[in-house]
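# Got a sequence here, can you model it:
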Amino acid sequence: MLDCLSEMLSSSPYRDVKVIDVARKAGTSPATFYQYFPDVEGAVLEIANAMAQEGEQLTGLVEGRSWVGKAGRQTAEDLVEGFLSFWRKNDAILRVVDLGAAEGDKRFYKIRMKILNSVNNSLADSIKELQSKGKVDKDINPMAVAGSLVAMLASVAGHQKGFQSWGVKQAELKPSLALLVHMGVTGKKPPK
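All right, here's what the predicted structure looks like:
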């Protein structure tokens, strides 16, 4: 049923998806659906929680990685690629999570923060480490910079189709984002 619901969210607005439609698509009855979930929103939260756990793996694109020299450039590129790929793969459910969070639903807000905090905290730790080595200005607030970069990545990732309509190709978008991320973390352009 969850797979059917995920598929439906890819092609229908969240508020238009009804229990009966999910049950029909799954080849079962609404009564069976209600044995597992209280409503469509409950099923969406189940999908979103599973997706958020997968999203926590994004921290591995930052944690313990170097931001110095060509390795730093690669770290920025890997983070951008991973972030954009995660968003493309989970676009439908992330739209619902964003909508719920924007409307003040704390359950959706917690899911969104679970995904973003893992990357945010890892980026902040990287900036703090660079500060401790004298490579980044000590007056910079690591959490503010990391939060700004993660908000930028999430916004761009959520609008990838919009960039395409502006004539910006993925191959052009990724290096631009990687440049901004690298400069945000290190204060310098990455080496070529």
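# Domain map for this structure?
Using automatic domain parsing, the domain parsing of the chain gives 1-37, 40-186.
# ok, and which of those domains has the densest surroundings?
Most buried of these, by mean neighbour count (mean count of other Cβ atoms under 10 Å): domain 40-186, with a mean of 17. All C-beta spots, glycine's among them, are computed from the backbone N, C-alpha and C.
# Could you list the low-confidence segments of the chain?
Applying pLDDT under 70 to the chain flags no residue at all.
# now the helices: where do they sit in it?
Along the chain, the stretches classed as helices by DSSP state H are 2-11, 19-26, 30-36, 40-55, 69-89, 91-102, 106-132, 142-158, 160-165, 170-186.
# Turn those helices into CSV, including distance to K192.
Output for these, formatted as CSV (distance: least, Cβ to Cβ, whole Å):
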stretch, distance to K192
helix 2-11, 39
helix 19-26, 50
helix 30-36, 53
helix 40-55, 31
helix 69-89, 8
helix 91-102, 32
helix 106-132, 20
helix 142-158, 21
helix 160-165, 24
helix 170-186, 11
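# just so I know, which of those helices lies nearest V62?
Closest approach to V62 among those (Cβ to Cβ): helix 106-132, 3.8 Å.
# now the closest one, how far from the chain's geometric center?
11 Å (Cα atoms, centre = their mean, to the nearest Å).
# And stretch 10-30, by the same measure?
25 Å.
# which residues are in contact with it?
1, 4-5, 7-9, 32-34, 39-40, 43-44, 91-92, 95-96, 99 (Cβ atoms under 8 Å, 6 or more residues apart in numbering).
# and the gap between the nearest residue to M143 once chain neighbours are set aside and K161?
Distances taken as Cβ to Cβ, 6 or more residues apart in numbering place A124 nearest to M143, at 4.9 Å, with adjacent residues excluded. Distance, A124 to K161, using Cβ to Cβ, to the nearest Å: 30 Å.
# before we move on, what about L5?
Taken as Cβ to Cβ, the span from L5 to K161 is 22 Å.
# ditto for A154
From A154 to K161 the distance is 15 Å (Cβ to Cβ).
# Likewise for V68?
According to Cβ to Cβ, V68 stands 35 Å off from K161.
# Same check on L45?
From L45 to K161 the distance is 25 Å (Cβ to Cβ).
# can you check K25 too?
On the measure of Cβ to Cβ, K25 and K161 end up 25 Å apart.
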